[in-house]
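Student: Following is a predicted model, sequence given first.
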Amino acid sequence: FVRSFFDWYQGFTGRYSYIVLMGIFSKVSDITKHYEILPLSIVVVWLASSWILLRTVFDRARFIVVATGTIALFALYILTMPEVADFYWVSSSAQYQFGNALAMAAITCMLRLSITERPRLYAITVAVLLFVVIGTTEMYMLFMVVLLTAITVFVIATGQRHQFIWSMLLAVTILSAALLIIAPGNEERGQHLIA
């Protein structure tokens, strides 16, 4: 598994979270017999992340309101997707939808981090989520670098609490982005896929 990971990282892509997710999926199940398990799992994770995000933003709302909002958000998301098959194809769902679901979870933890008195657990969770989300695609890498840079600059400029934590989260973001960018596999893939 580890050798396969490094072969893919060096020879095809720097998307390290995608490689690990696909590797785990292919190890724990027969990918041809149980093809639907990974996309279905990602849909469940997407719905759970969306529900937790809406529950955090609208913390006084009733369960039925948050559940309805989650289903409506999911329907809107599906209807505005360029390719609905991105939820069906294992490779696409492992890269794009998995990253999307965990990005919502990371944003939720960031929101909770900003209001909690005991930030350590949320800070560790955000750091792990940032590392994983950035490793799914370059798009999420760019989004998280911009988001964490803006938050950290704002927190430091306005003298907010937890400046050290936000600085460390920005460092995790930048190091994760570097891990994605400097992968030798990016150059290898670029030589075969000119477009």
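Tutor: Looks like it came in fine.
Student: pLDDT below threshold where in this protein?
Tutor: For the chain, applying pLDDT under 70 flags the ranges 1-2, 5-6, 8-11, 28-29, 31, 83-92, 189-195.
Student: so where do the helices sit in this structure?
Tutor: Using DSSP state H, the helices found in the chain span residues 2-11, 16-28, 37-57, 63-80, 90-92, 98-115, 120-134, 138-157, 163-181, 184-192.
Student: export those to TSV and tack on mean neighbour count?
Tutor: Glycine gets a C-beta too; all of them are placed from N, C-alpha and C. Below are the helices of the chain laid out as TSV (neighbours: other C-beta atoms under 10 Å):
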stretch	mean neighbour count
helix 2-11	13
helix 16-28	17
helix 37-57	18
helix 63-80	13
helix 90-92	15
helix 98-115	21
helix 120-134	20
helix 138-157	16
helix 163-181	17
helix 184-192	13
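Student: Any figure for the gap between the closest residue to Arg112 other than its chain neighbours and Lys27?
Tutor: Distances taken as C-beta to C-beta, 6 or more residues apart in numbering place Tyr122 nearest to Arg112, at 5.3 Å, with adjacent residues excluded. From Tyr122 over to Lys27 the distance is 31 Å, taken as C-beta to C-beta, to the nearest Å.
Student: Over to Leu148?
Tutor: Counting by C-beta to C-beta - Leu148 and Lys27 are separated by 32 Å.
Student: I'd say Asn186 and Tyr16 touch.
Tutor: No: between Asn186 and Tyr16 there is no contact under C-beta atoms under 8 Å: 11.4 Å.
Student: okay but Phe154 is in contact with Leu170, surely?
Tutor: No: look at Phe154 against Leu170 with C-beta under 8 Å: they stay out of range, at 11.5 Å.
Student: my guess is Thr129 meets Met104, correct?
Tutor: Wrong residue type there; residue 129 is Leu, not Thr. No: using C-beta under 8 Å, Leu129 is not in contact with Met104, being 9.7 Å away.
Student: For the residue nearest to Arg112, give its distance to Leu129.
Tutor: As judged by C-beta to C-beta, Tyr122 and Leu129 stand 10 Å apart.
Student: which residue lies farthest from the center of this protein?
Tutor: Gly159 (28.5 Å; C-alpha atoms, centre = their mean).
Student: quick one: contacts for that residue?
Tutor: Shown in contact with Gly159 (C-beta atoms under 8 Å, 6 or more residues apart in numbering): no residues.
Student: sorry, back to before: okay, and the common contacts of Tyr122 and Leu129?
Tutor: Cys109.
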